[in-house]
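> just a sequence and a predicted model for now, questions to come.
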Amino acid sequence: MDKLLIKGNIPLKGEVSVSGAKNVALKVLLAAFLTDEEVVIENIPLITDFYLMVEIIKKLGIKVKIFEDEHKIVIQNKGVKDFKIPLEMGARLRTSSMLIAPFLARFGKVQIPNPGGCRIGARPIGRHIKGLEKMGAEVRYFPEDGYFYAQAKKLVGTTYKFPKNTHTGTETLILAAVLAEGETVLKNAAQEPEVDDLIKLLNLMGAKIKRIALRKIVIKGVKKLHGANFKIMFDRNEIVTFAIAALVTKGDILIHGTQRENLKFFLDKLDEANAGWEFVAEKATRFYFKEELKSTDITTTFHPGFMTDWQAPWAVLMTQAKGVSTIHETVFEDRLSYAEELKKLGAKIEFFNPEVKNPEECYNFNWQDNYSSYYHAIRIFGPSRLHNAVLEVADLRAGATLVLGALAASGESLVFGVSHIDRGYEKIEARLRKLGAEIKRI
């Protein structure tokens, strides 16, 4: 098992370029199922989740060429050989559940395992299964083997309103609707930039998709899609990670690949925290420590609000801020476990549950998935002098968070469970070393 040895309390300085967005890269691979022509994707992140999805689609018969030096992949569907996603692969990757859409759209049948990925909540797929059923699909789940069995003579357009925000559900129904008969209207659809990036690719391939309101998408089905060349957006989560790395180490980092319109809420909160940042070029932003940080209150929500993926790294930043900060997680029911690991570093954190009048409306997760043992918020008392510790990573974003904590702490820390970090960050230790970090993989 790989682990990271990190000597902290060293200001990070220099320049870094962010990778392509993980939350787009895996989805555009699925779009290639919808055409027999070649699809070329640039700016791909070389992360383990991406390679796992490539292995899945290759196993199903799709032709794939990866040009690692160019961060480019060429995909062509010359004929699917199998309609059953391998259990050992699909169960490790959340995005594998989305294969249900292109398979039903093109071939009318598929068997997919109950999806995996980071265990940060129940992450139900029922919200998009119901939408597929409304489009004419029949989907049954057999707990005996852990598979969903889906079939459809044809998919037809429909109007479907998601009961709660769902990024994955919105993209799944878009992938299903582009080749469906007639028009599909998705209401209360997710409006994350990554969703719109997938829409851009599909429209380049000949789809007819329009976002006619912030949370309303209309898809007019077409008979055929063609190939395309596409460059995916940069990863917002990487930007936030490196920005906070600069601030918690009292450093100064210039980040290339920043798309500011997608970071507005984060940048506004940095202003509130008295953190240093400035635009340097069209897609380059400098983040630097200027003076004492101030406490903030955060409530996670869907775009354009404060992302759930940002709250764990933000907690590290708030350990260095003066006063009492709060983070209220409303997207997932159980995503604060990293706080116990930060406490090992000397962070002063306590768990609590805020007073909420209508929890079913306040929280984006299904309220029946909540347990009395779950906490949905933390208080962070700062500033804290962090020290070395032995840490255990539980999921991808928690992994980046513990690396940030170790970088800010004095002494040498050991971080176990690096495979979680590799799922979403390309060569993270090498890129941090270029900024001056003393970090090595063991």
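Perfect, thanks for sending it. Numbering: from 1, shown residues only.
> what does the helix or strand where Leu391 lies contact?
Element membership of Leu391 [criterion: DSSP states H and E] is strand 390-392. Outside of strand 390-392, the residues that reach it under the criterion C-beta atoms under 8 Å, 6 or more residues apart in numbering are 341, 344-345, 402, 405-406, 413-417. Heads up, the C-betas are built off the backbone N, CA and C, glycines and all.
> in a markdown table, list those along with neighbour count and distance to Ala213.
What follows is those, written out as a markdown table (neighbours: other C-beta atoms under 10 Å; distance: C-beta to C-beta, whole Å):
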| residue | neighbour count | distance to Ala213 |
| --- | --- | --- |
| Glu341 | 22 | 41 |
| Lys344 | 18 | 46 |
| Leu345 | 24 | 45 |
| Leu402 | 30 | 40 |
| Gly405 | 29 | 41 |
| Ala406 | 27 | 44 |
| Ser413 | 26 | 47 |
| Leu414 | 15 | 50 |
| Val415 | 25 | 44 |
| Phe416 | 17 | 46 |
| Gly417 | 18 | 42 |
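> need the contact list for the residue lying closest to Lys343 once chain neighbours are set aside.
Counting by C-beta to C-beta, 6 or more residues apart in numbering, Ile349 is the residue found nearest to Lys343 once chain neighbours are left out, at 5.6 Å. For Ile349, the contacting residues are 315, 319, 339, 342-343, 378-381, taking C-beta under 8 Å, 6+ apart as the criterion.
> change it to 10 Å
By C-beta atoms under 10 Å, 6 or more residues apart in numbering, the residues touching Ile349 are 315, 318-319, 325, 327, 336, 338-340, 342-343, 378-382, 384.
> same thing with Glu55?
Contact partners of Glu55, counting by C-beta under 10 Å, 6+ apart, are 64, 86, 89, 93.
> out of those, which is nearest to Lys109?
Comparing the contacts of Glu55 against Lys109 with C-beta to C-beta places Pro86 closest, at 16.3 Å.
> give me the phi and psi for the closest one.
For Pro86, the backbone dihedrals are phi -60, psi 130 (criterion: degrees, to the nearest 10).
> wait, isn't it in contact with Ile57?
No: with contact defined as C-beta atoms under 10 Å, Pro86 does not reach Ile57; the gap is 11.1 Å.
> any idea how far Ile428 is from the nearest residue to His167 once chain neighbours are set aside?
Using C-beta to C-beta, 6+ apart and skipping residues adjacent in sequence, the residue nearest His167 is Ala190, 4.6 Å away. With distances defined as C-beta to C-beta, to the nearest Å, the gap from Ala190 to Ile428 amounts to 27 Å.
> then Gln311?
According to C-beta to C-beta, Gln311 stands 19 Å off from Ile428.
> do the same with Gly305
26 Å.
> ok, the two, which is more surrounded?
Of the pair Gly305 and Ile428, Ile428 is the one with more neighbours under other C-beta atoms under 10 Å, namely 23 against 14.
> give me the contact list for the helix or strand bottoming out on mean pLDDT in the chain.
Every helix and strand of the chain was ranked by mean pLDDT, DSSP states H and E. The lowest is helix 87-90, at a mean of 81. Around helix 87-90, the neighbours that count as contacts under C-beta under 10 Å, 6+ apart are 52-53, 55-57, 59, 84, 96-97, 99, 111-116, 145-147.
> report the buried members of those residues.
Buried subset of the contacts of helix 87-90 (neighbour count, 16 or more other C-beta atoms under 10 Å): 52-53, 56-57, 96-97, 99, 111-116, 147.
> still on that earlier bit, now a PyMOL select for only the buried ones of the contacts of Glu55.
Buried members of the contacts of Glu55, defined by 16+ other C-beta under 10 Å, are picked up in PyMOL with:
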select buried, resi 89+93
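> ok, the contacts of Glu55 vs Lys224, which is closest?
Using C-beta to C-beta, Val64 comes nearest to Lys224 of those, at 21.8 Å.
> how far out from the middle of the chain is stretch 65-81?
The chain centre lies 22 Å from the centre of stretch 65-81; the measure is C-alpha atoms, centre = their mean, to the nearest Å.
> sorry, back to before: any residues in contact with both of Pro86 and Ile57?
Common neighbours of Pro86 and Ile57 are listed as Ser96 (criterion: C-beta under 10 Å, 6+ apart).
> contacting residues around Glu238?
Going by C-beta under 10 Å, 6+ apart, Glu238 touches 16-22, 45, 255, 257-258, 400, 424-426, 428, 431.
> and for Lys3?
If you count contacts by C-beta under 10 Å, 6+ apart, Lys3 has them with 390-393, 414-419, 440-442.
> quick check: Ala32 is in a helix.
Yes: according to DSSP: H, G, I helix; E, B strand; the rest coil, Ala32 belongs to a helix.
> gap between it and Gly90?
Distance, Ala32 to Gly90, by C-beta to C-beta: 17 Å.
> which residue packs closest to the residue sitting furthest away from the middle of the chain, ignoring adjacent ones?
Seen from the C-alpha centroid of the chain, the residue lying at the greatest distance (C-alpha atoms, centre = their mean) is Lys153, 32.9 Å away. Take Lys153 and drop its neighbours on the chain: the residue closest to it by C-beta to C-beta, 6+ apart is Gly108, 6.5 Å away.
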